[in-house]
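Student: pasting the sequence and the predicted model now:
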Amino acid sequence: DTGVSQDPRHKITKRGQNVTFRCDPISEHNRLYWYRQTLGQGPEFLTYFQNEAQLEKSRLLSDRFSAERPKGSFSTLEIQRTEQGDSAMYLCASSLARSGHEQYFGPGTRLTVT
Amino acid sequence: KQEVTQIPAALSVPEGENLVLNCSFTDSAIYNLQWFRQDPGKGLTSLLLIQSSQREQTSGRLNASLDKSSGRSTLYIAASQPGDSATYLCAVNRFLGNQFYFGTGTSLTVIP
């Protein structure tokens, strides 16, 4: 069990550029979640998948944000036309039903938009 | 919408002291409550998961309790150590496997 991994760990981009983050969940976990966290706040939910199906999206997820989990394994989160307000830590988590859907988080991707 | 509050926002204790962190939530119709620890600039580490049918969970020096009817949970840390210094977050969800709603955390400093 290698845990949840995220890539890259840090991303600095200029306003208006597109960025893509990747999350690899724990291998047998069928649920995958994306959260965003800003300094001094708890994580805020963005979206989640069961296998390859995207089941729920937060209103925080504007039309500039898109997430995929094409084969029910890894997931990508893309932000188009980044804005300074997108600067945050993007966290991925995964869970499994037989463990009560206890969520296990990755190390996060720190995005800085200049 | 579920609101989760954690008090205090920050806590500083001498090494060896026992301490309690508090978490309250506005909607008692929860399924799971999970406690996490977060070190600066890092992801979250799961500490304890309490399902709605349970009243408490224990892991080592940690004990978490849940009172759904009053919308409260506590995390008890026994014999605190400097390595316990971190931010502690609680989170609740309404349905099994659904999104979690997080509090803003309690920043704990254990002084050697």
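Tutor: Now that the structure is in, tell me what you want to look at. A quick note: this is a predicted structure, and the numbers were derived from the prediction, not measured.

Student: need the residues of chain A near chain B, please.
Tutor: A:4, A:6, A:31, A:33, A:40-45, A:48, A:50, A:56, A:58, A:91, A:93, A:95, A:97, A:100-108, A:110 (C-beta under 8 Å from any C-beta of the partner chain). Just so you know, the C-beta spots here come from the backbone N, C-alpha and C atoms, and that holds for glycine as well.

Student: which among the residues you listed end up buried?
Tutor: A:4, A:6, A:31, A:33, A:42-45, A:48, A:50, A:58, A:91, A:93, A:95, A:100-101, A:103-108, A:110 (16 or more other C-beta atoms under 10 Å in any protein chain shown).

Student: any idea how many residues pack against residue 8?
Tutor: You didn't pick a chain, so chain A it is. Burial of A:P8 is recorded as 13 neighbouring residues (other C-beta atoms under 10 Å in any protein chain shown).

Student: that's the wrong chain, I wanted chain B
Tutor: If you count neighbours by other C-beta under 10 Å, B:P8 ends up with 11.

Student: how near is it to A:L32?
Tutor: B:P8 is 33 Å from A:L32, where distance means C-beta to C-beta, to the nearest Å.

Student: where does pLDDT dip in chain B?
Tutor: By pLDDT under 70, the weakly predicted segments of chain B are B:96-97.

Student: excluding its backbone neighbours, what's nearest the closest residue to chain A within chain B?
Tutor: In chain B, the residue that lies nearest chain A is B:F102 (3.0 Å; C-beta to the nearest C-beta). Leaving out its chain neighbours, the residue that sits closest to B:F102 by C-beta to C-beta, 6 or more residues apart in numbering or on different chains is A:G42, at 3.0 Å.

Student: is A:G85 located within a helix, as I assumed?
Tutor: Yes. Using DSSP: H, G, I helix; E, B strand; the rest coil, the assignment for A:G85 is a helix.

Student: what's the burial count for it?
Tutor: Neighbour tally, A:G85, other C-beta under 10 Å: 9.

Student: again with the one 4 residues further on
Tutor: Using other C-beta under 10 Å, A:M89 is surrounded by 22 other residues.
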